[in-house]
Each structure stands twice: as C-alpha cells, then as structure tokens.
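A.B. asks: Here's my sequence, what's the structure:
(one chain, ligands or ions: 1)
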Amino acid sequence: MDKKEKKMKNKALVEALASEDAFEQNTDDLVLSDKKKKKSKSDKESKKRKAVEVADDEDRSETSSELGEPVNSGLKSGKEKKSSKKVKVVESEEDDVEKEAEDPNAVTRFRISEPLRARLKEKGISSLFPIQAMTFDTVYDGSDLVGRARTGQGKTLAFVLPILESLINGPSKSSRVTGYGRSPSVIVLLPTRELADQVFEDFKFYGHALGLESCCLCGGMLYAPQESKLKRGVDIVVGTPGRVKDHINRNNIDLRSLKFRVLDEADEMLRMGFVEDVEFILGKVADVNKVQTLLFSATLPDWVKDIASRFLKANKKTADLVGNEKMKASKDVRHIVIPCSDSERSRLIPDIIRCYSSGGRTIIFTETKESASELAGLLPGARALHGDIQQSQRSVTLSGFRSGKFLILVATNVAARGLDINDVQLIIQCEAPKDIEAYIHRSGRTGRAGNSGVAVTLYDPRKSGRIGRIERESGVKFEHLSAPQPIDIARSAGASAAESVTQVSDSVIPPFKSAAEEMVNSSSLSAVELLAKALAKLSGYTEIKSRSLLTSMENHVTLILEAGKPIFSPSFAYSVLRRFLPEEKVESVKGMTLTADGYSAVFDVQTEDLNAFLTGQENAANVSIEVLKSLPKLQDREQSRGGRFGGGGRGGFGDRRNGGGRFSGGRGGGRGGFSDRRNNRFSGGRGRNFGGGSSW
Ligand SMILES: Nc1ncnc2c1ncn2[C@@H]1O[C@H](COP(=O)(O)OP(=O)(O)OP(=O)(O)O)[C@@H](O)[C@H]1O
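C.D. replies: This is a model prediction of the structure:
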C-alpha cells in the first residue's frame, strides 16, 4: 500500500472512530460531562482541541465508574478531520500546512517535540489516532489511565509517545534518574515474548530520538546480555512478568524510582496467571503516589476492573473507545464462518487462502500446539509458532513471516494478542475459540490501522454453539458461508492462467506448434476444450472435485432429511434412514446435524451414494430427502452429542420452542412449506457458556 492509500485509509479510520462516543465522567457523581478542563494551559495548540460532547448513557455510566474517570476526547467530528503531511511528495508545503491547521489530531498540536515528530514522520504518521489523541494529555499530565480501543487502533503509541515526552520535556523530567547505571523510569509488562519484543522496538525507535535507552527482558533469552544492559543503565524496561521478576530476584534491577508502570494486554496477562508476578513487580516502587500506572487492552472483561482498582489510583481516568457498543471486535474485518469437519481442514484451508487472502499474509490459529505443528507440516510454505518451539526459532519464524519469506503462519494463541504484522489479509481460526476475547484478538491481527481484512472461522457443525455465543457477546455478525467450491476457485485460477499465457512470447510457438496440431487433430475435443485442459494443468488442476456444504468433504454432497414430524435427535434421523437404506449406507453418513427449526436433519453422503438415498426415500412414507444448495441454520449440537452418538435433545428442543419455534400449528404446507423453511433457516442460534483457556 502506498502512502497516499494508507493516508486515505487512516483518515477513514479516524473519521469512523470520531463518530464513536468517547465519554467523560466524574467518578464521584457518575455524571457524563464535557467539562474536563485542558490542563495544558501553557500549550496553545492543545487548547485548540475541542472536547466531544457525548450523550448521556446510563449503561456507560456504570461501566466507566468502575474503571475510573473517563478522559475527555480531543476529537472533532469526522467531517472536520484531515490527514496531513504523509503525501508530501505530491502535495505542496502550503497544502500540508493548511491541512495540518485543520486537523485537530495533527501531531504538531500535541506536546510532541521535534525529534519525535521526525520519527513519526519517518513512519508516515502526521496525525494521532483517536485513542492516542484522547489520552495524550492525560498521560503527559500525570494521571493513571485505563485505555481501551479496538484491535489495531494504535494503543501502543498511545502510551509510548506521552511517556517519552513526559520523561524528556514534561513533569517526569526533573525527578527522572539519569547517568550511568541508572535504574529504569518505565516498566512495560506484556503477556508474550513476541509482543514484548514488538513494543520494545517501538520504544527503541522513538526513545533513541530523545536519547532514552530501552531494553527487553524476555524469557527464553540469555540472561547475561540483559544483565549487562541493566548494569549500564536503562530508562525503559519492556518485558514479560516472569523474566522481569527473575531479574528483580537476582538484584539486577531496581524499580524503586519508577515513573511509569504499563500493563499492556492487561487482561491476558492477568488471565494467564501472572497476577502474583505482576503484583510483585508493581509493588517494588518506593512510593506508589509518585508513579503513574497505565493499563491498556482491546478487551477489558469485568473482572479486570477489580484488578485495575488494585493497581491504579482512585482518581484514574478512562478512555474507552468501545464502551458499551455491541460490536467489540474490529469493524474493518469481514467475519465469516464456514462449517468443516476436523478431518477436512487441511484440504479446505488452501482453498480458503486462495479465495480470501488477496495474495497477502495469512495467520491460522489452532487450539493446540500439536495441531499447529501438524497443520504447518501439511500446508506448503507454512511455518508453526507456539510455546513449545525454542525462543530462537520463534524469533526466526516471526521475522521470516514479517519479512514475507513465507506467507502462512500457523499459531496458537501465542500470536493472538497485539502482534502487528504488515499485510496480514486473512485470519483462519480452525475452530471457534472458547473465549470471546480470544476471538476478538485473533481476528484483530488483520484489519489494522484502517486497513481491511477477512477472518474465517471453521467450525464443526456439531459445535456451532460457540459461534452463536461469540456473535452475541462480541457483537460480530457472522457471514455464514459454505466452503469455497473447487470449481469456483478453478475458474479464477483459469483466468489468471489465461492472463499468464497471453504474456508468453510468440517465440515459443514454433517448437510447440506441431504437438498442438497433433492434439487437435487426434482428439475428439475441440481446440477450446483442449486449451481449457492446458490452462487447468497450468494452474495445477488435473481433476475438479466438489465439496459438501456441511463438512466441506471432497466428493461428498449435503442432503436434508424430513420425516413428516419434528426430528428431535440424530438417532431419530438415523432410524428414519434405516427404514429404507441398508445399514452400511446409514453408517457412511457424515456429520448428522439437526436444523435450528427442529424439523430436519442434514448430513453428508459420498457423491456415489447419492442415488441410493434419493431413490430409497421414494419407498418411505412421509420421508423427503433433497440435495441442499445452501446450508440452513443449524442447531447447537450439544443436545445431540449422543444420538447415534447417544441421543438426548428434548431439552434443547423445548428451549427452541420457547424461543419461537414452529411447533404449534403443525407443518401446514406439506412439501410446499419444506422449501420455504429451507430458505428461512438462517436466524437465531443458541449458545452455551464455556470457560477455560486454550493451549499455547
Ligand atoms: N497515528 C497513527 N497513524 C498511522 N498509523 C498508526 C498511528 N498509530 C499507530 N499506527 C499504526 O497502527 C498499527 C496498529 O497499532 P498498534 O499495534 O498499537 O494497535 P493496538 O491498538 O495496540 O492493537 P492490538 O489491540 O491488536 O494490540 C501499527 O502498525 C502502528 O504503527
């Protein structure tokens, strides 16, 4: 993406976010207001930014009161926003100055000194993102802060910039320890080594411009280089809690004179069981009143609020760009779900990548380390990243992925949080994660900084409950799609192959012409058909298989069964099939799943068995079997986990009925109603509660 395009996307992001309510609230009276006074009286430019007036909202009052006093937004309406100097090559200085004057979030409007502005400009940043603009003054002027914005919206610079400026030119300047062997002024804790490394790189890049030294303290690395760096003295320490604690215990680091403590991806760090380590580390400051604590994440579940109040001062501020909005995940991501049986994943994923990656990078998430390694082995050009891989190899893998040496990364949740990798176009989740936060963060590895992306989640139709729960709790509205059909993918592959053929020099014709003539003359196929075969071969196809809708299995087809009355359980569906099919055909059925309306069952059969099923039903009274063209809304399979797999299901059925099922008035319409229902099975969906973490 060139700078101009990036600028336009960033502008769009800023405008979109400006329309999201930012809010201000006093912790004592819980009243939303716009009365926050700009503390930067001495700074004329800061004064120009105007607070957004926000509507009163009781729900928000509750949320924010627990997290602290919300900070005022420095944003103007989307219409007022303009990007500025990023496309200087094509715009005159005058244009730049004019645009900058109109941009309320222009870097020049904040207390950001020239060396830092120059670094930002190098990165193409001339205007702060909303979360950065909202919180700059708050952090610079000394408040504790809880910050939340959706994934990819610049939370890192929201703390990096004001911290650096505060240390060099702001309130922390006078009391900051300097000189050889100095103890750090800033500690930033993150849940994973990769993330710590990434944030360290930002502090290093921007901090060097101001003469500040940073170091990264992560597990899996040698102690000695970390120790010698600490001995020489650093200003900023970025690390994972375990290794930082080790250094404290070895007396390598003294945190008594800290000015800033930052918990990035705070909820994950605490969820991972680092609470004690974090408390131990944060407790090392000599005087908690002299240190600022900042807590950031795209997700702040309720339980984090309790912990926040333990670490942050009572008068902490909150900047929440998500608030009580229903949609918690990135709005720049297309969220898709596709049913797929576990055994078909490795065959389906390459087609999904062809369809949705736009030639960019793909991250695939698995639930376990073993399946990450296994899948990476099955996918050409893919590498695995998970906690059992040695740290040195993890670093090599990640930098290879960042640099484009390979385009597919198969990872556990170790890559779910915070990683900011250019041009990740597609996220594939091999199954829906157990917790909502994991879904939000995984899918947020794409669609960053105003770019768009696609997140595809595969699910076993028998476990669709997780999909419903993610929808309800994260506000994501999934597109329910079937697996891309090989025939569709082949069509677009054929078009590219044809394009590449036209680019071949005519000089190749003479030596190949006689073979071509021989083919045309000796074949019963036309010249066009033969050319089509040649294009297929060129694209790597020697045959085209179809794929079922339900389990995405090749050479299978998805059927829908009705029995003239509600189908309560898979075992009942099987018993209906047994009425007119031999046992081995019934046994070969795959993925038996009930539809959400409780009237039908869908299942996959081998294409070669299709006739047996279609003709067999003709001999069974009240039974209808048809080939499905699109998948109806399916029932959560918890109640049908048995069936043939053990039965059950009355409870679930009753729930559905209470939820507006269609069981009061009989079927009406007979067969006519059948197809209508089929077209109307896409609403609703139920979920269950589940908890627990996933394997890293
Ligand atoms: N003001 C800005 N203008 C343009 N790009 C920016 C700006 N601020 C940050 N970025 C870029 O946006 C991307 C996302 O930023 P960052 O990683 O901080 O997001 P995040 O909100 O922390 O996301 P996550 O919740 O996933 O950790 C980065 O590539 C960063 O360089």
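A.B. asks: Looking at stretch 552-567 now, give me its mean pLDDT.
C.D. replies: Stretch 552-567 shows a mean pLDDT of 92.
A.B. asks: ok, now stretch 243-250?
C.D. replies: Mean pLDDT, computed over stretch 243-250, is 96.
A.B. asks: cool, stretch 365-385 as well?
C.D. replies: Averaging pLDDT along stretch 365-385 yields 95.
A.B. asks: Stretch 204-219 close to the ligand?
C.D. replies: No: Stretch 204-219 does not reach the ligand (C-beta under 6 Å from any ligand atom); its nearest approach is 10.2 Å. Where you see a C-beta, it was placed from the backbone N, CA and C, and this is true even at glycine.
A.B. asks: Would you agree Asp388 falls within a helix?
C.D. replies: No: residue state for Asp388 (DSSP: H, G, I helix; E, B strand; the rest coil) corresponds to coil; a helix is not indicated.
A.B. asks: any idea how far it is from Gly220?
C.D. replies: The gap separating Asp388 from Gly220 is 11 Å, by C-beta to C-beta, to the nearest Å.
A.B. asks: so who does Met406 touch?
C.D. replies: Careful, residue 406 is Phe; it's not Met. Residues near Phe406 by C-beta atoms under 8 Å, 6 or more residues apart in numbering: Gly381, Ala382, Arg383, Gly400.
A.B. asks: If you could redo that for Val278, that was the one I meant.
C.D. replies: Val278 makes contact with Leu189, Pro241, Leu263, Met269, Leu270, Phe311 under the criterion C-beta under 8 Å, 6+ apart.
A.B. asks: element containing it, please.
C.D. replies: Per DSSP states H and E, Val278 falls inside helix 275-282.
A.B. asks: quick check: mean pLDDT across that helix?
C.D. replies: Averaging pLDDT along helix 275-282 yields 90.
A.B. asks: same question, stretch 413-430
C.D. replies: Averaged across stretch 413-430, the pLDDT comes to 94.
A.B. asks: Give me the subset of the contacts of Phe406 that also touch the ligand.
C.D. replies: Okay, of the contacts of Phe406, nothing touches the ligand (C-beta under 6 Å from any ligand atom).
A.B. asks: who wins for neighbours among these?
C.D. replies: Within the contacts of Phe406, most neighbours by other C-beta atoms under 10 Å means Arg383, with 23 neighbours.
A.B. asks: That one should be in a strand, yeah?
C.D. replies: Yes: under three-state DSSP, Arg383 falls within a strand.
A.B. asks: and Gly359, how many neighbours does it have?
C.D. replies: Neighbourhood size, Gly359 [other C-beta under 10 Å]: 9.
A.B. asks: Quick check: closest non-adjacent residue to it.
C.D. replies: Gln425 (7.6 Å; C-beta to C-beta, 6 or more residues apart in numbering).
A.B. asks: from what I can see that neighbour touches Ser358, true?
C.D. replies: Yes: contact criterion C-beta atoms under 8 Å: Gln425 and Ser358 qualify, at 4.8 Å.
A.B. asks: So for these two, which sits in the more crowded spot?
C.D. replies: Gln425 (20 against 13).
A.B. asks: Contact partners for that one?
C.D. replies: Shown in contact with Gln425 (C-beta under 8 Å, 6+ apart): Tyr356, Ser357, Ser358, Gly359, Gly360, Arg361, Thr362, Thr446, Gly453, Val454.
A.B. asks: Kindly report the same for Leu561.
C.D. replies: With C-beta under 8 Å, 6+ apart, Leu561 has these contacts: Ile567, Ala573, Val576, Leu577, Ser600, Ala601, Val602, Phe603, Val623, Ser624, Ile625.
A.B. asks: Wait, a helix at it?
C.D. replies: No: under the criterion used here (three-state DSSP), Leu561 is strand, not part of a helix.
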